[in-house]
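K.L.:
Just to be clear, the model below is a prediction. Sequence and coordinates:
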2 protein chains.
Amino acid sequence: MSSIVAVGSLAFDSIETPFGSVGKILGGSANHFSLSASYFSPVKCISVVGEDYPKEHLDYLKSKNIDLSGVSVSKGKTFHWSGRYGYDLHEATTLDTQLNVFEHFSPEVPSSYQDSPFLFLGNILPSLQEKVLKNLPKTRFIALDTMNFWIQSQKEALIQVLNKVHCLIINEAELRQLTQSHNVVKAAEIVRSWGPHLVVVKRGEYGALLFNQTETFSLPGLPLSEVKDPTGAGDSFAGGFLGYLASCGQTSPDKKTLRQAVVYGSVMASFIVEDFGCNQLLRLSKDQIDKRFQHFRELTSFN
Amino acid sequence: MSSIVAVGSLAFDSIETPFGSVGKILGGSANHFSLSASYFSPVKCISVVGEDYPKEHLDYLKSKNIDLSGVSVSKGKTFHWSGRYGYDLHEATTLDTQLNVFEHFSPEVPSSYQDSPFLFLGNILPSLQEKVLKNLPKTRFIALDTMNFWIQSQKEALIQVLNKVHCLIINEAELRQLTQSHNVVKAAEIVRSWGPHLVVVKRGEYGALLFNQTETFSLPGLPLSEVKDPTGAGDSFAGGFLGYLASCGQTSPDKKTLRQAVVYGSVMASFIVEDFGCNQLLRLSKDQIDKRFQHFRELTSFN
């Protein structure tokens, strides 16, 4: 079992959906990714929090085999995002962003992180993703996530860092925005011409697609009768995906392992949307995860 | 191998998409359904055309084992629909509808159609669907398609006829409109409470869902690098779905047969969208269909 270095945000989220609203709950890409991946593999986290971040949650993360040597506590307040979703739950409207200590975040990589073969560059400024990547020259499988804000404001820097990663994990609307191609097959081809040989497309309730040079895998979403909050679904997906690859120790994953990693990613995403914030990721058992993996098999099989 | 009675329109379509435009090509639900289903089973068609409908196409349909005893040629012009799609190709904007001979269409069921065990009630006025159904008391598997126009204007009549059918085939947006439920799992449950024990949800490029009382099947769409025109995709899906069930002679289909019928429906829909109108349905071979079925298996398997 290999470990994964993950860089991203630890944050507070305030969320409104048609199914309820919550204020200042635990969020951020590094939080959701690490919790999700920790069900599969050890995680080494790089992030920053303010003095107001709950020490109990940091202790909880540590208890889950999540190394926080790379998380600094800075003077000031923790990053706080507020957003609202409509009934389709596909895209959030940002109501407020208080960067706080995240404004001057400059990720530092502890020497104890150097031997991790896997790296997840969560959704932060592309130049910071590049800095982390350069400081971890021994990683052998690098996945990157990003968002519409960076595609719009930092496209050149983003394409530059993409050239150095193995896998882009991106949602479908953002893939279209990034490549200026409406057709997802052509869009994935464009991204692959920039460097990453793997492109994973997240499609929300419609599932996920995986493209590599020779083949395509498509997994539908699990139809759920209760969906409360999609926040963190993408990072939970990435956590399940990379966590499973790391648990198999495959930095050049074979076809079956890659596909099953997409299924485990979808399993983790399907759990997190059933409640607000990371609640679901705090109480899962490995048995529930494996049962839901079987549920995906039952959902999709036609033999 | 059993035969299927199909009622619906034979029409001219004029279509604009971002990928081209065509004027007065052969369209209509009965045309797309019958051509698609004819690759699997004999079809007995009920419809009406005007004097301007090309005799060569009627002869072509007959040559494909499509019985036209129930198609009348009326004085006047054939139904003509004009529509436009944007880049997402999900929903057409109707530019013009000339009902012509379809305005006074009253489907007559030839006595030679009485022994068909399968019936497809294509997208027409619900009271006409009900009339056909009443005149075919011996059918044992009845599937119905409909559209937003009837849901809005004829909801009561539609729910009344739904009570007498086994399977509703409907697109996702129209399922939400019909049930007033955004959640597709709950929406299918509502439809099932009205009568049909099977609900097939068409999701365009995202594939299809099948609900029955005990389980759910989900098939993603085939990622295509060229999509030109989605017109008729839903009827081609229904043709492949019912055509395959009829070819197996299963009016109470088992789980595997039902799921494979959804795959064959998706195969036929994936072909038709690659060109305008029914062009693709005129030149397919059974070998191409079987290869694409295997393509779906390759796309979705994670064993």
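P.N.:
Here it is on my side, so go on. Numbers count the residues shown, from 1 in each chain, chains lettered A, B, ... in the order given.

K.L.:
Kindly report the residues of chain A close to chain B.
P.N.:
Taking CB under 8 Å from any CB of the partner chain as the contact definition, chain A meets chain B at A:87-88, A:182-186, A:203, A:206-207, A:209, A:215-225, A:227, A:256, A:259-260, A:262-263, A:297-303. For the C-beta atoms, the positions are set from N, CA and C on the backbone; glycine is no exception.

K.L.:
Could you tell me which of those residues belong to helices?
P.N.:
Of the residues of chain A next to chain B, the ones assigned to helices by DSSP state H are A:Val184, A:Val185, A:Lys186, A:Lys256, A:Arg259, A:Gln260, A:Val262, A:Val263, A:Arg297, A:Glu298, A:Leu299, A:Thr300.

K.L.:
So among those residues, which ones count as buried?
P.N.:
For these, a burial check counting by 16 or more other CB atoms under 10 Å in any protein chain shown picks out A:Val184, A:Val185, A:Arg259, A:Gln260, A:Val262, A:Val263, A:Leu299, A:Thr300.

K.L.:
Got the confidence number for the closest residue to A:Arg140 other than its chain neighbours?
P.N.:
What sits nearest to A:Arg140 in space, not counting adjacent residues and going by CB to CB, 6 or more residues apart in numbering or on different chains, is A:Thr251, at 3.9 Å. At A:Thr251, the model reports a pLDDT of 94.

K.L.:
In a strand, A:Thr251, correct?
P.N.:
No: A:Thr251: not assigned to a strand; according to DSSP: H, G, I helix; E, B strand; the rest coil it is coil.

K.L.:
so who does it touch?
P.N.:
A:Ser2, A:Pro117, A:Phe118, A:Arg140, A:Phe141, A:Leu245 (CB atoms under 8 Å, 6 or more residues apart in numbering or on different chains).

K.L.:
how about a cut-off of 6 Å?
P.N.:
A:Thr251 sits next to A:Pro117, A:Arg140, A:Phe141 when contact means CB atoms under 6 Å, 6 or more residues apart in numbering or on different chains.

K.L.:
Same question for A:Val73.
P.N.:
Contacts of A:Val73 (CB under 6 Å, 6+ apart): A:Val49.

K.L.:
where's it, which helix or strand?
P.N.:
Element membership for A:Val73 (DSSP states H and E) is strand A:66-74.

K.L.:
Which SSE is immediately downstream of that strand?
P.N.:
Toward the C-terminus, strand A:66-74 is succeeded by strand A:80-84 as the next helix or strand (DSSP H and E).

K.L.:
what residues does that following strand touch?
P.N.:
Outside strand A:80-84, the residues that reach it (CB under 6 Å, 6+ apart) are A:Ala11, A:Phe12, A:Asp13, A:Ser14, A:Glu16, A:Ala92, A:Thr93, A:Thr94, A:Leu95, A:Asp96, A:Thr97, A:Gln98.

K.L.:
again, only this time at 8 Å
P.N.:
Applying CB under 8 Å, 6+ apart, the contact partners of strand A:80-84 are A:11-17, A:24, A:27, A:92-98, A:100, A:231.

K.L.:
Quick check: the closest residue to chain B within the stretch 51-200 of chain A vs A:Leu209, distance?
P.N.:
Closest contact between the stretch 51-200 of chain A and chain B, by CB to the nearest CB, is at A:Val185 (4.2 Å). Remark: distance between A:Val185 and A:Leu209 (CB to CB, to the nearest Å) = 9 Å.

K.L.:
Produce a PyMOL select command limited to the buried residues of the contacts of A:Thr251.
P.N.:
Here is the PyMOL command that selects the buried residues among the contacts of A:Thr251 (16+ other CB under 10 Å):
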select buried, chain A and resi 117+141
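
K.L.:
tell me the contacts of the nearest residue to A:Asn183 once chain neighbours are set aside?
P.N.:
Spatial nearest neighbour of A:Asn183, excluding adjacent residues (CB to CB, 6+ apart): B:Ser225 at 6.2 Å. Contact analysis of B:Ser225 by CB under 8 Å, 6+ apart lists A:Asn183, A:Val185, A:Lys186.

K.L.:
gap between A:Tyr39 and chain B?
P.N.:
19 Å (CB to the nearest CB, to the nearest Å).

K.L.:
correct me, but that residue touches A:Met268?
P.N.:
Yes: A:Tyr39 is in contact with A:Met268 according to CB atoms under 8 Å; the separation is 7.5 Å.

K.L.:
what touches both of these two?
P.N.:
By CB under 8 Å, 6+ apart, A:Tyr39 and A:Met268 have these common neighbours: A:Gly240, A:Gly243, A:Ile289.

K.L.:
sorry, back to before: okay, A:Tyr39 and A:Met268: which has more neighbours?
P.N.:
A:Met268 (31 against 23; other CB atoms under 10 Å in any protein chain shown).

K.L.:
Excluding covalently adjacent residues, which one is nearest to the more buried one?
P.N.:
Nearest non-adjacent residue to A:Met268 (CB to CB, 6+ apart): A:Gly240, at 3.4 Å.

K.L.:
Please enumerate the strands of chain A.
P.N.:
Assigned strands in chain A, in chain order: A:4-7, A:11-17, A:20-27, A:43-50, A:66-74, A:80-84, A:93-98, A:118-121, A:141-145, A:167-171, A:198-202, A:208-211, A:216-219 (criterion: DSSP state E).

K.L.:
on that earlier part again, tell me how far the residue nearest to A:Asn183 lies from A:Tyr39.
P.N.:
B:Ser225 sits 36 Å away from A:Tyr39, going by CB to CB.

K.L.:
how close does the spatially most central residue of chain A sit to chain B?
P.N.:
For chain A, A:Asp235 is the residue whose C-alpha lies nearest the centre (CA atoms, centre = their mean; 2.3 Å). Distance from A:Asp235 to chain B, counting by CB to the nearest CB: 22 Å.

K.L.:
Tell me who's in contact with that residue.
P.N.:
A:Gly8, A:Ser29, A:Ala30, A:Asn31, A:His32, A:Phe33, A:Ser36, A:Gly122, A:Asn123, A:Asp145.
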